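Student: just coords:
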């Protein structure tokens with residue numbers, strides 16, 4: 001959507017998402033900026049269920065919820081759609097987004113079209129929300145860059161990712177090498 005030269009950029013609202021086309025692109029908003037990402041690459045789609053299955057035993061043991069691509073709202077001007085989100089225990093599914101707690105882990109699998117957004121504005125938004133863990137899973141390097149809300153830089157995990165997520169009794173241990181086993 002082009003604006004005439006000299007006009008200030010539009011500040012997008014979460015409510016504006018309903019006006020956008022259903023064209024298979026992913027639309028997200030960070031601090032009023034619209035982020036448009038094309039459909040994911042096949043390697044991305046291959047990794048999402050593998051990572052979901054790897055997280056599920058730990059999540060089940062601690063009554064956590066692992067969800068595929070749910071929207072994560074933050075106020076009127078930010079709406080994220082991560083690949084996977086781990087939530088603290090939820091007694092029953094609330095009405096969509098009415099009472100969702102703050103996520104414990106947000107996971108993005110990098111694709112060529114999502115890489116700049118995931119490493120830039122989305123990372124800053126997730127960490128500003130106070131989400132304890134933000135993971136960028138990179139199919140090119142077979143690594144996970146683990147960002148924590150209480151650290152200034154990422155930890156690169158290529159063999160094992162170990163995390164003690166705040167509010168969860170047991171540690172999360174993810175075999176990163178096994179996640180990428182058999183992957184191009």
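Tutor: Received, thanks. It should be emphasised that the depicted structure is a prediction, and the values quoted were computed from it without experimental measurement.
Student: And the strands in this structure?
Tutor: Per DSSP state E, the chain has strands spanning 26-30, 33-37, 65-68, 72-73, 79-80, 84-87, 105-109, 133-138, 143-148, 155-157, 160-163, 172-175. These are given in chain order.
Student: Mind checking those for the one nearest to residue 119?
Tutor: Residue 119 lies closest to strand 133-138 among the strands of the chain, at 6.6 Å (CB to CB). From N, CA and C alone the C-beta is placed, and that goes for glycine too.
Student: neighbouring strands for the closest one, and are they parallel or not?
Tutor: strand 105-109 (parallel), strand 143-148 (antiparallel) (DSSP bridges).
Student: from the ones you listed, which stretch is densest packed?
Tutor: strand 105-109 (a mean of 24; mean count of other CB atoms under 10 Å).
Student: Provide the contact partners of that one at residue level.
Tutor: Outside strand 105-109, the residues that touch it by CB atoms under 8 Å, 6 or more residues apart in numbering are 40, 44, 47-48, 51, 55, 72, 80, 82-86, 114, 118, 122, 126, 131-137, 139, 163, 165, 172.
Student: So in this protein, where's the weakest helix or strand by average pLDDT?
Tutor: strand 72-73 (a mean of 86; mean pLDDT, DSSP states H and E).
Student: picking that back up, okay, the strands of the chain in TSV with distance to residue 11 next?
Tutor: Putting these into TSV (distance: least, CB to CB, whole Å) gives the following:
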stretch	distance to residue 11
strand 26-30	9
strand 33-37	8
strand 65-68	28
strand 72-73	16
strand 79-80	13
strand 84-87	25
strand 105-109	24
strand 133-138	24
strand 143-148	26
strand 155-157	34
strand 160-163	35
strand 172-175	37
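Student: For those, which has the smallest mean pLDDT value?
Tutor: Here the strands of the chain differ in mean pLDDT, and the lowest is strand 72-73 at a mean of 86.
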